[in-house]
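Enquirer: here are the coordinates; sequence isn't available:
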């Protein structure tokens, strides 16, 4: 690929006979911010260490600027093109200023120049008043700022961030995330950012890679990863908290009714009746219609109608967008088009987002329902938050429809305020 | 009590009067202890660092041996150094027995495990991630060592103090390999023993006060260095 500054290929790392990392190919483009997300123990940090030339993989190749890394003599020179920030701010036992200048000192940058550059980044990360302080007297947030300033001062070709905020309290994290975001935007530094926090990935990443059990399951723009997860595990991790296994009960006019047991859900799509599917439903994608006003469900068995927060003319657009929604076969799924019933995931119930974080219009409406909802739908967009969740729950009470949770939070609430337990969902998921 | 006061008074008189013999003994004691501590540092710091940073088979055994060595009885060291330096011994041809050099060798054997063991502990208490972080911001192998030792400098100074304290105060080895020869290998500790056995308690006390004062002075200077930049 052109424009790749760092590439790794065929890399395998095993600990005690168990493969902890297996990456066929990963290219970091020059100037991009690549966010790698995954749960703890998924191999993210191992991957980052290999990228930073800190660990040599047992097998595989790392290429910098298209040239394979020389793990012998030339290693130090190559390694000095990187700078890393780890979860814990590991500072030397000296002043903040000297810590920030340390990377430059190690590279033989003259003292005056090193001080000047360190001073710049100390100011950028808002720790100028602390410049003369001993590093060990700093708070966690201050120390992490120092650590970030130290990495930026190096002005590396590739910046590697390994969960730099996970040890900080939410308020500190938010401040620091904002400063980092600004610094990254100004420098256009090639950055690989590892995190288990989806929000951080969504905010910072130009591209997002999802790692599960040592493998890179998906690598794409945040829009695609969060909107069209490559499989149920990825979906679960990227915050689709409601994975509803079900079966297609009816299909007409590009609209499917999925029988999920306790409830029926309307989604756009073209699949044959009887198929097993997993619905990935994002709470912020769910609209609703009051029970007394709801549209007639197209299926006799349906209990609810759904899903639109738009009003007026926009409803029509939702519908046409919904018709275009794409459905790609589940990765590793046994012959989606083959003889046995394939398992498909109905992805992203609508068009892709315009930009990360933006709420999307949603869901499936029959043309008739769309028309009705255009007139009747209650505005029900809600922000994530305790208060809003309470409101949402209260507002949804008279409604038959399930599926609504605090977006991107751990809560799993359905409309009736019951907990939807994921293990239960996992168990009932059709086996592939 | 009078005896002690007399001794202390005597000590000051000896010092203030610049008693040539006492000054010579004091100076020799310091030289020998400083030399042996210096040699122990030269060997113990690299060795301790190496063991702290590497993994090899039987590492636990080696570390245990070093820790045992930290408490090596000086008489045992004196005995074996004597045997080695004995005219008929393996190193006899150097003709070092009953010279200051012999005392330095014996004291080195006493101090080296202390310095090695404490260096090992000092470097090992630095989190492994610190090493990785230093490498990740561009430290070469040599720079990493330097950064680690700088990071461990406070406990390292404790190693210096412990090493010096161990050798300046020991007597068994100095007596056995030095022989307490007047004007040649007589040091503060051996002189103190001799004066005590002679019944010259005042001189013995004077010598021990001088020994204490010197030990205190050295430790005070090192401590001042160690505590210099502690945060308030």
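Expert: Arrived safely, thanks for sending. Because the structure is predicted, anything quoted here is derived from the model rather than measured. Numbers count the residues shown, from 1 in each chain, chains lettered A, B, ... in the order given.
Enquirer: Next up, the contacts around residue 140.
Expert: In the absence of a named chain, this looks at chain A. Residue A:140 is in contact with A:89, A:167, A:168, A:169, A:172, counting by Cβ atoms under 8 Å, 6 or more residues apart in numbering or on different chains. The way it works is simple: take the backbone N, C-alpha and C, and place the C-beta from them, glycine included.
Enquirer: actually it's chain B I care about, not the one you picked
Expert: Contacts of residue B:140 by Cβ under 8 Å, 6+ apart are A:76, A:106.
Enquirer: where does it land on pLDDT?
Expert: We note a pLDDT of 93 for residue B:140 in this prediction.
Enquirer: Show me the contact partners of the lowest-mean-pLDDT helix or strand in chain B.
Expert: Each helix and strand of chain B was given a mean pLDDT (mean pLDDT, DSSP states H and E); the minimum falls on helix B:2-16 at a mean of 79. Residues outside helix B:2-16 that contact it (Cβ under 8 Å, 6+ apart) are B:22, B:23, B:201, B:202, B:203, B:204, B:205, B:206, B:207, B:208, B:209, B:210.
Enquirer: Using neighbour counts, pick out the buried residues of that helix.
Expert: B:7, B:10, B:11, B:14, B:15 (16 or more other Cβ atoms under 10 Å in any protein chain shown).
Enquirer: is any part of stretch A:89-103 close to chain B?
Expert: Yes: Stretch A:89-103 reaches chain B (Cβ under 8 Å from any Cβ of the partner chain) through A:90, A:92, A:93, A:102, A:103.
Enquirer: what comes into contact with that stretch?
Expert: Against stretch A:89-103 from outside (Cβ under 8 Å, 6+ apart): A:83, A:105, A:114-115, A:117-119, A:121-122, A:127, A:130-136, A:138, A:140, A:143-144, A:146-147, A:149-151, A:153-154, B:127, B:129-130, B:133-134, B:137-138, B:147, B:150-151, B:153.
Enquirer: Among these, which ones are in strands?
Expert: residue A:83 (DSSP state E).
Enquirer: Which of the contacts of stretch A:89-103 are buried, as a PyMOL select command?
Expert: Here is the PyMOL selection string for the buried members of the contacts of stretch A:89-103, based on 16+ other Cβ under 10 Å:
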select buried, (chain A and resi 83+105+114+115+117+118+119+121+122+127+130+131+133+134+135+138+143+144+146+147+149+150+151+153+154) or (chain B and resi 130+133+134+137+138+147+151)
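Enquirer: about what we covered before: with distance to residue B:117 as added columns, please give the buried residues of helix B:2-16 in JSON lines.
Expert: Shown next, in JSON lines, are the buried residues of helix B:2-16 (distance: Cβ to Cβ, whole Å):
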{"residue": "B:7", "distance to residue B:117": "36"}
{"residue": "B:10", "distance to residue B:117": "39"}
{"residue": "B:11", "distance to residue B:117": "34"}
{"residue": "B:14", "distance to residue B:117": "37"}
{"residue": "B:15", "distance to residue B:117": "35"}
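Enquirer: tell me which element the residue of the stretch 101-250 of chain A found nearest chain B falls in.
Expert: Nearest residue of the stretch 101-250 of chain A to chain B, counting by Cβ to the nearest Cβ: residue A:103, 4.2 Å away. Using DSSP states H and E, the element containing residue A:103 is helix A:96-106.
Enquirer: Next: residue A:250.
Expert: Going by DSSP H and E, residue A:250 is part of strand A:242-252.
Enquirer: do residue B:38 as well
Expert: Going by DSSP H and E, residue B:38 is part of helix B:20-53.
Enquirer: List the buried residues of that helix.
Expert: Here helix B:20-53 shows B:22, B:25-26, B:28-30, B:32-33, B:35-41, B:44-45, B:47-49, B:51-53 as buried, counting by 16+ other Cβ under 10 Å.
Enquirer: Compute the inter-axis angle for that helix and helix B:2-16.
Expert: Here the directions of helix B:20-53 and helix B:2-16 differ by 90 degrees (axes from the mean of the first three to the mean of the last three Cα atoms, to 10 degrees).
Enquirer: next helix or strand past helix B:20-53?
Expert: Following helix B:20-53 in sequence, per DSSP H and E, is helix B:59-69.
Enquirer: Show residues contacting that next one.
Expert: By Cβ under 8 Å, 6+ apart, helix B:59-69 touches B:48, B:51, B:112, B:113, B:114, B:116, B:117, B:120.
Enquirer: One more pass at 6 Å, please.
Expert: B:113, B:116, B:117 (Cβ atoms under 6 Å, 6 or more residues apart in numbering or on different chains).
Enquirer: Can you tell me which of the residues you listed is closest to residue B:183?
Expert: residue B:113 (31.6 Å; Cβ to Cβ).
Enquirer: Buried residues, the host helix or strand of residue B:223. List them.
Expert: Per DSSP H and E, residue B:223 falls inside helix B:201-227. For helix B:201-227, the neighbour count (16+ other Cβ under 10 Å) marks B:202-211, B:214-215, B:218-219, B:222, B:226 as buried.
Enquirer: which of the contacts of helix B:2-16 lies closest to chain A?
Expert: Nearest to chain A, judged by Cβ to the nearest Cβ, of the contacts of helix B:2-16 is residue B:210 at 36.8 Å.
Enquirer: Find the residue closest to residue A:130 in space, skipping its chain neighbours.
Expert: Residue nearest to residue A:130 in three dimensions, not counting chain neighbours: residue A:96, with 5.0 Å by Cβ to Cβ, 6 or more residues apart in numbering or on different chains.
Enquirer: Oops, could you answer that again for residue A:61 instead?
Expert: residue A:9 (5.1 Å).
Enquirer: Spell out the secondary structure type for that neighbour.
Expert: Assigned by DSSP: H, G, I helix; E, B strand; the rest coil, the conformation of residue A:9 is strand.
Enquirer: what's the pLDDT at it?
Expert: At residue A:9, the model reports a pLDDT of 91.
Enquirer: For the closest residue to residue A:189 other than its chain neighbours, list each beta-bridge partner.
Expert: Ranked by Cβ to Cβ, 6+ apart and with sequence neighbours excluded, the top spatial neighbour of residue A:189 is residue A:159, at 5.0 Å. With DSSP bridges as the criterion, residue A:159 is bridged to residue A:83, residue A:191.
Enquirer: For residue A:159, which residues are in contact?
Expert: So residue A:159 contacts A:83, A:151, A:189, A:191 (Cβ under 6 Å, 6+ apart).
Enquirer: Pipe the residues you listed into CSV and attach pLDDT per row.
Expert: Listed next are the contacts of residue A:159 as CSV, based on pLDDT from 0 to 100:
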residue, pLDDT
A:83, 95
A:151, 96
A:189, 91
A:191, 95
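Enquirer: closest to residue A:210 among these?
Expert: residue A:191 (17.4 Å).
Enquirer: burial of the closest one, as a residue count?
Expert: Using other Cβ atoms under 10 Å in any protein chain shown, residue A:191 has 24 neighbouring residues.
Enquirer: Equivalent analysis for residue A:184, please.
Expert: Neighbour tally, residue A:184, other Cβ under 10 Å: 19.
Enquirer: Let me know whether my guess that it is in a helix holds.
Expert: Yes: Residue A:184 forms part of a helix when assessed by three-state DSSP.
Enquirer: so what's residue B:201 up against?
Expert: By Cβ under 6 Å, 6+ apart, the neighbours of residue B:201 are residue B:3.
Enquirer: Chain B against chain A: which residues are in contact?
Expert: B:129, B:130, B:133, B:136, B:137, B:138, B:139, B:140, B:143, B:151, B:231 (Cβ under 6 Å from any Cβ of the partner chain).
Enquirer: residue boundaries of the helices in chain A?
Expert: A:44-51, A:75-79, A:96-106, A:111-124, A:140-153, A:170-187, A:198-204, A:222-227, A:232-237, A:314-324, A:367-376, A:386-396, A:422-428 (DSSP state H).
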